[in-house]
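Student: turn this into a structure:
(one chain, ligands or ions: 3)
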Amino acid sequence: MATVNYDTLIPNNVNLSTDLRLQRALEKWHPKFLNWWLQRGPTDFQTNEVYLRTAIGVDRGNWAKFGFVRMPDYRWGILLAPAVENRKIPFGEHTGEPAWQEVPGEYRGLIRRLLVVQGDTEPASVEQQRFLGHTAPSLYDMRNLFQVNVEEARHLWAMVYLLHKYFGRDGREEAEMLLERTSGDEDKPRILGAFNEETPDWLSFFLFTSFTDRDGKMQLECLAQSGFDPLSRTCRFMLTEEGHHMFVGKSGIERILARTCQVMNDAGISDPTDEGAVRALDVMDLPTIQRKMNFHFSVTLDLFGSEISTNAANAFTAGIKGRFHEVDIADDHRLLNDNYPLLQYENGRFAVNQVPAINAINARLLDDYIDDCENVVTAWNKTIAKSNIDFALSLPHRAFNRQIGSFADLNVTPAGGVLNDADWAAVKHQFLPSREDLGYILSLMKASLSAGSYASWIAPPKNGVGGKPGNFEYVRITC
Ligand code: BYC
Ligand code: FE
Ligand code: FE
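Tutor: Ligands and ions are numbered 1, 2, ... in the order given. The predicted model follows:
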């Protein structure tokens with residue numbers, strides 16, 4: 001059923017009204033969710049009308065409509081991509097068997113754990129971004145921030161639906177806990193590292209949506225392959241929304257770069273490393289952007305878990321979490337005898353070793369992710385090159401600044417040099433943002449809230465959103 005029922009409290013295309021127990025459980029969770037949104041979602045602006053997109057169907061093409069909505073009135077719904085008839089489990093030891101419509105008993109714990117980890121990241125990101133509305137560089141950007149926020153909250157609904165429907169009382173308890181853990185909280189933090197970091201400024205936001213939402217895409221792509229069909233369908237629809245989040249990040253950085261380069265050219269500054277001269281012009285200098293990028297990229301690499309992982313091997317063998325674009329990979333999808341080339345550090349140097357592919361599922365996804373990120377950085381560098389400024393951004397080495405995985409104990413420079421502790425202490429500030437860098441970025445964060453105006457440090461977008469021009473009043477600030 002492709003149409004979404006909006007007549008009910010919880011819009012859905014899962015025939016919620018025919019499952020009264022589930023409907024009641026979700027309706028009980030609903031006010032707790034709203035309370036969470038109001039307490040820990042965007043600060044203020046909750047009574048302003050925002051030009052938001054809302055999903056109205058799950059078919060490709062016309063799946064969304066745009067219109068003014070107050071955020072607490074947003075229709076958070078439960079939306080599954082259409083079922084694929086006779087879908088088979090595409091990988092693991094059950095390859096070729098019919099996809100499961102119910103949770104197989106032996107994989108209950110495994111699936112629940114994945115749903116909880118996925119579900120935990122969604123509200124975490126909203127919490128991380130909650131103050132940004134106050135420093136929005138334009139109404140266009142403010143609207144994009146709130147769009148990302150309401151959709152991440154919908155992704156929370158997506159996981160809560162699966163927990164409630166398939167995991168009974170355990171699932172309901174987990175759904176409550178998803179509203180209890182809080183990003184950055186000392187006692188009850190969010191589960192994964194990157195989701196406890198702060199997102200205090202818009203450079204952080206655009207890098208987060210470029211890199212960390214892109215991890216979201218990779219993980220959802222793997223879960224979309226799942227033999228547990230409701231999970232697959234849920235994730236397939238979430239991916240439809242995810243594209244916009246990454247667009248916001250990638251285009252946001254592009255606009256920052258364009259503005260910095262334009263201002264440098266206008267002022268006749270040709271040395272991009274002259275941070276003082278560039279900062280005097282109220283734009284973000286390129287080396288600071290590189291250091292911030294080093295941080296966000298490396299913290300996000302940790303989200304892939306250990307390169308060698310029995311958790312990931314078990315999830316693959318069980319048919320629960322596949323590889324990126326699993327169905328397009330030309331192998332037997334079981335990985336019983338296959339090897340995979342893995343970068344390791346041994347005997348004082350990096351070397352690529354063949355390891356059993358089944359153990360290297362996380363490493364492979366990391367490779368796919370890094371390839372995707374390379375394309376993004378290439379696009380950003382085109383913006384710099386167009387301005388004839390002699391500077392190129394680059395992704396740091398995958399072993400740089402890691403807390404998780406086989407490189408966690410090493411001191412590695414962005415170029416891949418391995419240093420002892422003393423040498424590292426002397427140079428590491430060159431690679432990661434300093435307190436001054438962060439202070440400078442924060443000093444630029446002044447709201448620019450009249451329609452069509454943009455903060456000093458960012459260029460206007462090429463196009464508006466939802467068929468409107470860039471100077472449209474995307475958030476009605478006065479009503
Ligand atoms: N921080 O075998 P290992 C998104 C734990 S983003 C803290 O190495 P595994 C979004 C791990 O939990 C996508 N702990 O790794 C983006 C395990 O603990 P237990 C989110 C970590 O399990 C922006 C232990 O270390 N979705 O959607 O293969 C905005 C050993 O684990 C970390 C998913 O991640 C860490 N960084 O892989 C909004 C998909 N890394 O179980 C949203 C679901 C590992 O021994 N999650 N650990 O207590 C998974 O597939 C896996 O849990 C992970 C970890 C890929 C995260
Ligand atoms: Fe999400
Ligand atoms: Fe996202």
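Student: low-confidence regions, the stretch 101-250 of the chain specifically.
Tutor: Within the stretch 101-250 of the chain, no range satisfies pLDDT under 70.
Student: what does it put close to ligand 3?
Tutor: Counting by CB under 5 Å from the ion, the stretch 101-250 of the chain comes close to ligand 3 at 213, 216, 245. C-beta coordinates here come from the backbone N, C-alpha and C atoms, glycine included.
Student: give me the neighbour count for the first one.
Tutor: Under the neighbour criterion other CB atoms under 10 Å, Asp213 is assigned a count of 23.
Student: what about it, distance to ligand 1?
Tutor: 4 Å (CB to the nearest ligand atom, to the nearest Å).
Student: that older thread, nearest to Leu207, of the residues of the stretch 101-250 of the chain next to ligand 3?
Tutor: Asp213 (10.2 Å; CB to CB).
Student: quick check: bridge partners of the spatially closest residue to Asn86 that is not a sequence neighbour?
Tutor: Once flanking residues are discounted, Asn86 sits nearest to Pro98: 7.2 Å by CB to CB, 6 or more residues apart in numbering. On the basis of DSSP bridges, Pro98 is bridged to Lys88.
Student: hang on, isn't Pro98 packed against Val84?
Tutor: No: using CB atoms under 8 Å, Pro98 is not in contact with Val84; the gap is 11.3 Å.
Student: run through who's touching stretch 221-232.
Tutor: 80, 83, 87, 89-92, 94, 97, 99-101, 103-104, 107, 111, 114-115, 118, 162, 165-166, 235-236, 239, 318-327, 365 (CB atoms under 8 Å, 6 or more residues apart in numbering).
Student: er, stretch 336-354 I mean
Tutor: Residues contacting stretch 336-354 (CB under 8 Å, 6+ apart): 307-308, 331, 355-358, 360, 363-364, 398-399, 406-407, 410, 416, 418.
Student: the same query, at a cut-off of 10 Å, please.
Tutor: 93, 307-308, 317, 331-332, 355-361, 363-364, 366-367, 397-399, 406-407, 409-410, 412, 416, 418 (CB atoms under 10 Å, 6 or more residues apart in numbering).
Student: of these, buried ones?
Tutor: 307-308, 317, 355, 357-361, 363-364, 366-367, 397-399, 406-407, 412, 418 (16 or more other CB atoms under 10 Å).
Student: go through those and flag which are in strands.
Tutor: 355, 412, 418 (DSSP state E).
Student: closest to Phe295 out of those?
Tutor: Val412 (14.2 Å).
Student: how about the nearest residue to the closest one, chain neighbours excluded?
Tutor: Ala399 (4.1 Å).
Student: residues contacting that neighbour?
Tutor: Ala399 touches 298, 301, 343-345, 350, 405-408, 410-414, 416, 418, counting by CB under 10 Å, 6+ apart.
Student: so the nearest residue to Val355 once chain neighbours are set aside bridges to which residues?
Tutor: With CB to CB, 6+ apart as the criterion, Val355 has its nearest non-adjacent residue at 4.7 Å, and that residue is Leu342. Leu342 has these beta-bridge partners by DSSP bridges: Asn353.
Student: before we move on, the earlier item: drop anything exposed from the contacts of stretch 221-232.
Tutor: Buried among the contacts of stretch 221-232 by 16+ other CB under 10 Å: 80, 89-92, 94, 99-100, 103, 107, 111, 114-115, 118, 162, 165-166, 235-236, 239, 318-324, 326, 365.
Student: tell me the pLDDT at the residue of the stretch 301-450 of the chain found nearest ligand 3?
Tutor: Across the stretch 301-450 of the chain, the shortest distance to ligand 3 (CB to the ion) belongs to Leu303, at 12.8 Å. In this model, Leu303 is scored at 98, pLDDT.
Student: residues contacting the nearest residue to it once chain neighbours are set aside?
Tutor: The spatially closest residue to Leu303, leaving aside those adjacent along the chain, is Asp215, at 4.8 Å (CB to CB, 6+ apart). For Asp215, the contact set (CB under 10 Å, 6+ apart) comprises 121, 192, 194, 299-304, 365-366, 369, 372-373.
Student: quick one: which of these sit in strands?
Tutor: Going by DSSP E, the strands hold none of the contacts of Asp215.
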